[in-house]
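S.K.: with the sequence up front, the predicted model follows.
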Amino acid sequence: MKILVSLATLYFLIFQSQMLFAQDNLIKLMSYNIYHGENPYKPGTPNVEDIANLIREISPDFLALQEVDSMTLRTAGFAGEKLDLTDVWAEKTGMFGHFAKAIDFSEGGYGEAVLSKKKGRFESLSLPVPEGGEGRSMAIAHVELAEGKRMAFAGTHLCHENPINRAAQVKAILDHFKNIDYPVIITGDFNFESDEEGYALMAENFRDAALEVDNLENTYSSDNPKMRIDYFWVPKNSGIEVLSVQTISVNYSDHLPLVMEVNIP
């Protein structure tokens, strides 16, 4: 198993992070399915501190997290107390956080989170499950950048069981953002590969950022990555330049974290 971030990659990301929010048009974004705060390869062991350290090292301007617990008995089982993971990581990283509950779970909630270095307007979007199954949500941050520029950053986790549900969820996401007049970057665990209808629907209006920079690294599972199911989507005709997309080789969760850098005009 790969446990540590490549030193060359890590130093590069840290150097870049020192430059980014000094210039508001250069933005670093990160997405990570965090397996509800527990290390999947060490049952009963929290990954909270490992992930907090990683976030601080990468220093993203925007962060989306999937499979996030909020005040559940499950977190108490491995951490000794109920944790609101969004608040924990926001406090540990100095970011502003928002939790979008998808379902009630284990006396608390389970869903998605977004964190931002800049304070913004947050919202939650519930997603349809027409074929039944676990509820899904999207967490969204709307943020003011420099010189009157604005952007939205959204993170989600689509149905893992049914492609019909995934397609319906993509349609709901696209419909939600269709009238927004500023760029929206969408990320998360989409649970599909590029041969599925949900991917094609996203690709009608958004660019697959990893494809654009020709770096189609698999994101799942972290100990033996065989599937690319985590994505960054950048709107077409937005002028946003994708500078890099890369995974980070850590196995704190069953997914690899994904990091993107963009230039927003």
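M.R.: Looks like it came in fine.

S.K.: count the residues that sit near the closest residue to Gly94 other than its chain neighbours.
M.R.: Distance criterion C-beta to C-beta, 6 or more residues apart in numbering; nearest residue to Gly94, sequence neighbours excluded, is Lys117 at 7.7 Å. Backbone N, C-alpha and C define where each C-beta goes, glycine included. By other C-beta atoms under 10 Å, 19 other residues sit near Lys117.

S.K.: now do the helices in the stretch 1-150 of the chain.
M.R.: Ranges of helices within the stretch 1-150 of the chain are 7-20, 48-58, 73-79, 85-93, based on DSSP state H, counting those that start in this stretch.

S.K.: what do you get for the stretch 151-265 of the chain?
M.R.: Counting by DSSP H, counting those that start in this stretch, the helices of the stretch 151-265 of the chain are 163-177, 197-205, 209-212.

S.K.: the last one: which residues count as buried?
M.R.: Right, helix 209-212. Ala209, Ala210 (16 or more other C-beta atoms under 10 Å).

S.K.: by mean pLDDT, flag the weakest helix or strand of this protein.
M.R.: Every helix and strand of the chain was ranked by mean pLDDT, DSSP states H and E. The lowest is helix 7-20, at a mean of 48.

S.K.: now stretch 166-178: mean pLDDT?
M.R.: For stretch 166-178, the mean pLDDT works out to 99.

S.K.: hey, C-alpha coordinates of it in CSV?
M.R.: Taking Å, rounded to 0.1, in the frame of the first residue of the first chain, the C-alpha atoms of stretch 166-178 are listed here in CSV:
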residue,chain,number,x,y,z
ARG,A,166,-27.1,8.5,-11.2
ALA,A,167,-28.5,9.9,-14.5
ALA,A,168,-31.4,11.4,-12.6
GLN,A,169,-29.1,13.0,-10.1
VAL,A,170,-26.9,14.5,-12.8
LYS,A,171,-30.0,16.0,-14.5
ALA,A,172,-31.1,17.5,-11.2
ILE,A,173,-27.6,19.0,-10.7
LEU,A,174,-27.5,20.5,-14.2
ASP,A,175,-31.0,21.9,-13.8
HIS,A,176,-30.1,23.5,-10.4
PHE,A,177,-27.2,25.4,-12.0
LYS,A,178,-28.7,26.3,-15.4
